[in-house]
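Colleague: any chance you can model this:
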Amino acid sequence: MESETPRVSFITIIDFSEDARWLFLTESVSDLLGFEPRELIGRSSLELVHPDEFSQVKQMHYDTIREDKAAALAYLRLKHKDPFKGYILCAVSRTVAHNVVVGSVSFATPGGKALQNTSTAQEVEVVTPSAKNFELRRWGDPSPMASSPSISDLTSPATCLSTDMDTSDVSSSRSRGKKPAIISFNPLPAQSPRSALILDRFSIHCTVLYCSNDLLLSTTKVLGRSFFDFVTTRTEHSVRSWIDVIKSWGVNDRGQPSDGGFGFGKFGLLLAGRDSRGENEQDTPVSRRRLGEARINSRMPSSSRCASHSSPGTSSRSRPPSSMSSSTSDQEISVDAIFSGHSDGILLVLRPTSKV
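Modeller: Coordinates of the predicted model:
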């Protein structure tokens, strides 16, 4: 049955509730688990977890929020809609993006892809006992990114976020079976100011299809525009090369778009944006795309307000005003970024660079 399971990866957004309800799923969920996105939105994601792993996965959801985790990876079993297919061993990534948990679900298969995923994740947790061969521990390597600053850190340097705790202590206490009891999700701990974007991986302009909040960029301003409109000119070349690498990583053994681990970088973010398009650049032909923007937007949470723009490959989408392209004094900030490629798009998580 494993040979028949599609090697795809779908993007997910889950709320902070104890039920870990689905807020958004991309179309590839139907390929991997047999469900249409509309069948799962609003339901508890824990409903699909194997009964033997339910308690541990629920605790993991709580810990992800409490510790403000990013680029965390877990191997667990999720139920397929077809009862004859039973439970599918999946690789599930998680990153807290202010008030939601964003991530992905992909088919877990051993080999080079698993090595790539586990070696680039900040944390790997194996829930399913039979998946122990997926676990990879680097020899004392530090995490690729420093601990996230809280919102209060940006205005009060003396404030210390509890998520700066040594995660090795957390892991060791978990291994000793000393897990904090799930008592309540209220009040929630302070969350770092992260925003999540979903980019069109089938366009050279990486059109923004979704923005999770307005903490860094205005949702209404970025939707439907090239992501590079919000990258400073001095860092654009680097960011383009990073995204090209992420796209090349995110290909499965059958040559299909899939997951490919995490990439970490730092660049300049333009809050007001600019016109990054060159006159000679053209979008990738629509025929080469696996997913039309109309499909992904039809599943977006209503808060994203993304129904007002058209497909990135059409001429109906207007460019930013020319005055924006000529402005070089737009406010900019330095941001840390986590890139990850998936079957339906590129997931990008941003946060203001930590003050040292």
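
Colleague: just give the nearest non-adjacent residue to G42, would you?
Modeller: Excluding its sequence neighbours, the residue lying closest to G42 (C-beta to C-beta, 6 or more residues apart in numbering) is R21, at 6.1 Å. The C-beta positions use only the backbone N, C-alpha and C, and glycine is treated the same way.

Colleague: same question for S130.
Modeller: Nearest non-adjacent residue to S130, counting by C-beta to C-beta, 6+ apart: L89, 7.5 Å away.

Colleague: and what about the one you found, helix, strand or coil?
Modeller: Judged by DSSP: H, G, I helix; E, B strand; the rest coil, the three-state class of L89 is strand.

Colleague: then the one 4 residues further on?
Modeller: Judged by three-state DSSP, the three-state class of S93 is strand.

Colleague: quick one: the residue nearest to G42 and R43 touch, right?
Modeller: Yes. R21 sits in contact with R43 when judged by C-beta atoms under 8 Å, with a separation of 6.5 Å.

Colleague: re the thing from before, tell me the contacts of the residue nearest to S130?
Modeller: Contact analysis of L89 by C-beta atoms under 8 Å, 6 or more residues apart in numbering lists Y75, L76, R77, F107, A108, T128, S130, A131.

Colleague: hmm, try it at 7 Å
Modeller: Going by C-beta atoms under 7 Å, 6 or more residues apart in numbering, L89 touches Y75, R77, A108, T128, A131.

Colleague: looking at these, which one is closest to V208?
Modeller: A108 (29.4 Å; C-beta to C-beta).

Colleague: and that closest one, what does it touch?
Modeller: Residues near A108 by C-beta under 7 Å, 6+ apart: Y75, L89, C90, A91, A114, A131, F134.

Colleague: just send those back as JSON lines, with pLDDT too.
Modeller: JSON lines is the format used below for the contacts of A108 (pLDDT from 0 to 100):
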{"residue": "Y75", "pLDDT": "94"}
{"residue": "L89", "pLDDT": "93"}
{"residue": "C90", "pLDDT": "93"}
{"residue": "A91", "pLDDT": "92"}
{"residue": "A114", "pLDDT": "76"}
{"residue": "A131", "pLDDT": "82"}
{"residue": "F134", "pLDDT": "72"}
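
Colleague: name the helix or strand for D244, please.
Modeller: Using DSSP states H and E, D244 sits within helix 233-249.

Colleague: what does F24 give?
Modeller: Per DSSP H and E: F24 is located in strand 22-25.

Colleague: that strand - contacts with which helices or strands?
Modeller: strand 9-14, helix 37-40 (3 or more C-beta pairs under 7 Å, 6 or more residues apart in numbering; DSSP states H and E).

Colleague: just name the most buried of the ones you listed.
Modeller: Mean neighbours per residue, mean count of other C-beta atoms under 10 Å, is largest over the helices and strands packed on strand 22-25 for strand 9-14, with a mean of 26.

Colleague: and that one, what does it pack onto?
Modeller: Counting contacts by 3+ C-beta pairs under 7 Å, 6+ apart, strand 9-14 is packed against strand 22-25, strand 100-107, strand 332-342.

Colleague: quick one: the strands in the chain?
Modeller: Along the chain, counting by DSSP state E, strands occupy 9-14, 22-25, 72-79, 87-97, 100-107, 123-126, 195-199, 208-211, 262-270, 332-342, 345-352.

Colleague: need the ones you listed in a markdown table with distance to L33, can you?
Modeller: Compiled in a markdown table, those are given as follows (distance: least, C-beta to C-beta, whole Å):
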| stretch | distance to L33 |
| --- | --- |
| strand 9-14 | 8 |
| strand 22-25 | 9 |
| strand 72-79 | 6 |
| strand 87-97 | 7 |
| strand 100-107 | 8 |
| strand 123-126 | 20 |
| strand 195-199 | 19 |
| strand 208-211 | 21 |
| strand 262-270 | 23 |
| strand 332-342 | 15 |
| strand 345-352 | 18 |
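
Colleague: so which of these is nearest K247?
Modeller: Closest approach to K247 among the strands of the chain (C-beta to C-beta): strand 332-342, 5.6 Å.

Colleague: and the contacts of the closest one?
Modeller: By C-beta under 7 Å, 6+ apart, strand 332-342 touches 9-11, 70-71, 93, 95, 104, 145, 201, 232, 242-243, 246-247, 249-250, 259-260, 262-271, 346-353.

Colleague: buried subset of those residues, written for PyMOL?
Modeller: Buried residues within these, by 16 or more other C-beta atoms under 10 Å, are selected in PyMOL with:
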select buried, resi 9+10+11+70+71+93+95+104+145+201+232+242+243+246+247+249+250+259+260+262+263+264+265+267+268+269+270+346+347+348+349+350+351+352+353
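
Colleague: before we move on, back to that, just the residues contacting the strand holding F24, thanks.
Modeller: With contact meaning C-beta under 7 Å, 6+ apart, strand 22-25 is reached by 10, 12-15, 37, 40-43, 45, 100, 299-301.

Colleague: any stretches of the stretch 101-250 of the chain with poor pLDDT?
Modeller: Counting by pLDDT under 70, the stretch 101-250 of the chain shows low-confidence ranges at 135-190, 250.
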